[in-house]
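Chemist: can't give you the sequence, but here's the structure:
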């Protein structure tokens, strides 16, 4: 298992400044949006294993130890598919006793969660409530709703993955 250490303060401050800037960005102009959509079409043709392995390592190092036992039990042996729809990125994770691993294309997903980049960003930053994103159809969930609610409630209890600081809120 890969362990993720806390970054140095100077790097955290710089990343927070970039995050605050990204929070204020407007949607891309139509020409750029079309180019991104064309690129996303090509990305969807790529295998999901490499990004899945990276995401699994990040979750295992940063979040898995903080997951409550009931979430770990609920996820055991199940495949969760995460998608960034506007970029064509797909991640398929299978939970085991020591964390997630890449699931591969053939495994049937018990739960699929999909959103555009902006929805994932707002969720990770804690800028919007997951329920609001779901009911506004920004965040889509398909499959085992009981597992989805267990995952959502557990992540809510952990708080935002990349919280907005008070200084960033006032800008």
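Modeler: Perfect, I can see it now. Predicted model, so just to flag it, every value in this text is computed and none were measured. Residues are numbered from 1 along each chain as shown.
Chemist: only C-alpha atoms for contact and neighbour calcs from this point on.
Modeler: Will do.
Chemist: which positions in the strand or helix carrying residue 73 come out as buried?
Modeler: Secondary structure assignment for residue 73, by DSSP states H and E: helix 69-75. Neighbour-count burial for helix 69-75, with 16 or more other Cα atoms under 10 Å as criterion, is recorded at 71-72, 75.
Chemist: same deal with stretch 91-106?
Modeler: For stretch 91-106, by 16+ other Cα under 10 Å, it's 91-95, 99-104.
Chemist: can you list these in TSV and add distance to residue 117 and secondary structure?
Modeler: Output for the buried residues of stretch 91-106, formatted as TSV (distance: Cα to Cα, whole Å; DSSP: H, G, I helix; E, B strand; the rest coil):
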residue	distance to residue 117	secondary structure
91	14	strand
92	17	strand
93	19	strand
94	22	strand
95	24	strand
99	25	strand
100	22	strand
101	23	strand
102	21	strand
103	22	coil
104	22	coil
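Chemist: now the residue nearest the centre of the chain, what are its backbone angles?
Modeler: When Cα atoms, centre = their mean is applied to the chain, the residue found nearest the centroid is residue 120 (5.8 Å). With angles defined as degrees, to the nearest 10, residue 120 sits at phi -60, psi -40.
Chemist: thinking again about what came up before, pipe the buried residues of stretch 91-106 into TSV and attach pLDDT and distance to residue 47 per row.
Modeler: Converted to TSV, these look like this (pLDDT from 0 to 100; distance: Cα to Cα, whole Å):
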residue	pLDDT	distance to residue 47
91	93	9
92	95	10
93	95	13
94	95	16
95	94	19
99	94	21
100	95	17
101	95	15
102	93	11
103	93	11
104	83	8
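Chemist: now name the helix or strand holding the residue with the largest distance to the centre of the chain.
Modeler: The outermost residue of the chain relative to its centre, with distances by Cα atoms, centre = their mean, is residue 31 at 26.6 Å. Following DSSP H and E, the helix or strand that holds residue 31 is helix 30-43.
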